[in-house]
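**Q** give me the fold of what follows.
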Amino acid sequence: MPGAQDIHFTLTFEYPSVSDNLLWNDQADQDLFERIKTVKREGRFARDNSEDALTWNLFQYLEKSAVLQEWLSHISNKGQR
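**A** Purely as a prediction, here's the structure:
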C-alpha cells in the first residue's frame, strides 16, 4: 500500500473532565472558561497533549503571578525605549 509506512498512531489520554487538565479551577476561572467555550469552534482541553490547555495554563500562570502585562510589554518591545 503506497504511503502506509508514513502512518503513525499515537495514544492520547483524555481526562474525564476538562478541569482535570487545567491548573487553576476557581469560580472566576470556570466562568471565563465557559464564556470562551461559547465562541471557540473546537476544544480538546481534556486531552493530555492539548495545546489549548497548555496555552490556558501558561497565561493563567502569568496572570496569577502578576507578570502577564510585563511579559506582553517585553515581547512586543513596548517596554523598551
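
**Q** next secondary structure element downstream of the longest helix along the chain?
**A** What stands out as the longest helix in the chain, according to DSSP state H, is helix 51-64. Once the chain leaves helix 51-64, the next helix or strand it forms, by DSSP states H and E, is helix 68-75.

**Q** pull the distance from that following helix to the chain's centre.
**A** 18 Å (C-alpha atoms, centre = their mean, to the nearest Å).

**Q** and what of stretch 39-47?
**A** Stretch 39-47 sits 9 Å away from the centroid of its parent chain (C-alpha atoms, centre = their mean).

**Q** got the contact list for L23?
**A** L23 makes contact with N57, Q60, Y61, according to C-beta atoms under 8 Å, 6 or more residues apart in numbering. Bear in mind the C-beta positions are built from the backbone N, C-alpha and C, glycine included.

**Q** how much space between the second one and T12?
**A** Q60 sits 22 Å away from T12 when distances are taken as C-beta to C-beta, to the nearest Å.

**Q** closest to S76 out of the contacts of L23?
**A** Y61 (19.0 Å; C-beta to C-beta).

**Q** model confidence score at the closest residue to the closest one other than its chain neighbours, please.
**A** Leaving aside its sequence neighbours, Y61 sits nearest to L23 (C-beta to C-beta, 6 or more residues apart in numbering; 7.1 Å). The model reports L23 with a pLDDT of 91.

**Q** still on that earlier bit, buried by neighbour count: which residues of the longest helix of the chain qualify?
**A** D52, A53, W56, N57, Q60 (16 or more other C-beta atoms under 10 Å).

**Q** could you look up the SS state of Q30?
**A** helix (DSSP: H, G, I helix; E, B strand; the rest coil).
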